[in-house]
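Engineer: Quick check, what structure comes out for this input:
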Amino acid sequence: MLDRFLSRLPISRPAHHAKQPRFLAFLDYAYMPYALGDSITWVANAQVYARDAGSSEIDIVVLVSRERPAPSWQPFVTAYNSIGALHGLMPAFLSSPMTCNVHLLENRQTFYDMVTDHHQRGGGLWPPIAALTEERIDFISHMHVVDHYRRRGSIPLLAAPRGYAQQAEAFVARFCPDKFRVVVNVRQSHLRAARSQPERDSRFHTWAEFIRRTADKHPDVVFIVIGQYSDVDRRFNQLPATLVPRSLGLGLGAELALLQGADLFMGTSSGFAQAALFGQPAYIVTNTEARAAPYCGVPVGSRHHPFGRPDQIVTWTLETPDSLEQDFQDVLRIKATQGDRVPMDHGHNVQ
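Structural biologist: You can find the predicted model right below:
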């Protein structure tokens, strides 16, 4: 079953002679959650550890074992559906331009043998072998990324997942050519049967009012609302200047590609927001939790992550239509100052 699954994925690229050694990043889902944000943060960390080791290429090794398919706090992932759960996250691993191959394993001993062999040969790897043998992994913290930025002045950025950029480009060409594209993710876990921290959710009516106001003021703006089909309020389909890719047959890979190619990302601090934080677009990430600050290396109330650009801002309170509109206009002014494309304001460029 796993072989058939692998054959459908764009998980490797043609080999070439690299000047630097291949770096291996290991991930064991026995104690790593099946979650988009954590997977993206893991990939971002793998990139900076690889760069610190002098490597420009990464092979990712993922273990999903039948005897321990998921951490104890995700009992809904079982030996019977774990491959499907992993399949839903694969584009996250393909979002690193440094990734050469993704190896998916079901046998734990094979996984340990790969770790041991690579360690004995002196190859670069992350997490370190002690963390792997003791089954502990930091899949939340941004601190090594922050430290890397302070030492080197940049971080390796995520990009459109390999194999999905063309699908995203076809979507844009068909549905919103020449538009100022705002990719939106509104966290609404309360819509799922298995709710996850619904207190972190945003409110549909807040975002709907902001979208209506902006569509009226900026006729060349389009909002692209992303997220699992079960997570997206059906009423988004009824809003002006709004597209929902999942309702048009697209999946996570194309959504991440749309996000990385957007003029702006706006969304609740959640999984997709992590792709923006470590990626390419201007962004407004809202409703960041104060308890996340120590893991992100950013003081509560700060408008920017340490490695964020001026047009990449974060907020710390629940959104209102007015606050979203103000933040949107702030980012447009910054983009205009930088010479970036901005939408029209009733027929006139934003100044």
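
Engineer: Give me the pLDDT for residue 201.
Structural biologist: As predicted, residue 201 sits at a pLDDT of 63.

Engineer: got it, and residue 350?
Structural biologist: On the pLDDT scale, residue 350 is placed at 54.

Engineer: Which parts of the stretch 151-300 of the chain are strands?
Structural biologist: Under the criterion DSSP state E, counting those that start in this stretch, strands of the stretch 151-300 of the chain are mapped to 180-185, 221-225, 242-243, 264-268, 283-286.

Engineer: for the last one, packing partners?
Structural biologist: Meaning strand 283-286. strand 264-268, helix 271-277, strand 312-314, helix 321-338 (3 or more CB pairs under 8 Å, 6 or more residues apart in numbering; DSSP states H and E). Placement of C-beta: from N, CA and C, glycine included.

Engineer: For residue 108, which of the strands of the stretch 151-300 of the chain is the nearest?
Structural biologist: Smallest distance to residue 108 across the strands of the stretch 151-300 of the chain (CB to CB): 34.5 Å, for strand 180-185.

Engineer: quick revisit: same list (the strands of the stretch 151-300 of the chain) but as a markdown table, adding mean pLDDT.
Structural biologist: Output for those, formatted as a markdown table (pLDDT from 0 to 100):
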| stretch | mean pLDDT |
| --- | --- |
| strand 180-185 | 97 |
| strand 221-225 | 98 |
| strand 242-243 | 97 |
| strand 264-268 | 95 |
| strand 283-286 | 96 |
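
Engineer: Next, the buried residues of stretch 209-216.
Structural biologist: Buried residues in stretch 209-216, counted by 16 or more other CB atoms under 10 Å: 209, 210, 211, 214, 215.

Engineer: Present those as a markdown table; the columns should include pLDDT and distance to residue 135.
Structural biologist: Converted to a markdown table, these look like this (pLDDT from 0 to 100; distance: CB to CB, whole Å):
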| residue | pLDDT | distance to residue 135 |
| --- | --- | --- |
| 209 | 96 | 46 |
| 210 | 97 | 44 |
| 211 | 97 | 44 |
| 214 | 97 | 47 |
| 215 | 96 | 49 |
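
Engineer: Among those residues, which ones are in helices?
Structural biologist: Secondary structure defined by DSSP state H assigns 209, 210, 211, 214, 215 of the buried residues of stretch 209-216 to helices.

Engineer: Would you confirm that residue 30 contacts residue 136?
Structural biologist: No. Between residue 30 and residue 136 there is no contact under CB atoms under 8 Å: 11.6 Å.

Engineer: okay, those two: which has more neighbours?
Structural biologist: Using other CB atoms under 10 Å as the criterion, residue 30 and residue 136 rank with residue 30 on top: 16 against 10.

Engineer: That one: what's it in contact with?
Structural biologist: Residues in contact with residue 30 (CB atoms under 8 Å, 6 or more residues apart in numbering) are 63, 65, 68, 69, 70, 71, 135.

Engineer: run the last query once more with 7 Å
Structural biologist: If a contact means CB atoms under 7 Å, 6 or more residues apart in numbering, then residue 30 has 65, 68, 71, 135 as its contacts.

Engineer: one step back: and the buried residues of stretch 209-216, which is closest to residue 183?
Structural biologist: Distance to residue 183 across the buried residues of stretch 209-216 (CB to CB) is lowest for residue 211, with 12.6 Å.

Engineer: need the next SSE after the helix or strand of the chain with the lowest mean pLDDT, C-terminal direction.
Structural biologist: Within the chain, confidence by mean pLDDT, DSSP states H and E is lowest for helix 2-6 among all helices and strands, at a mean of 42. Elements were assigned by DSSP states H and E; along the chain past helix 2-6, the next helix or strand is strand 23-28.
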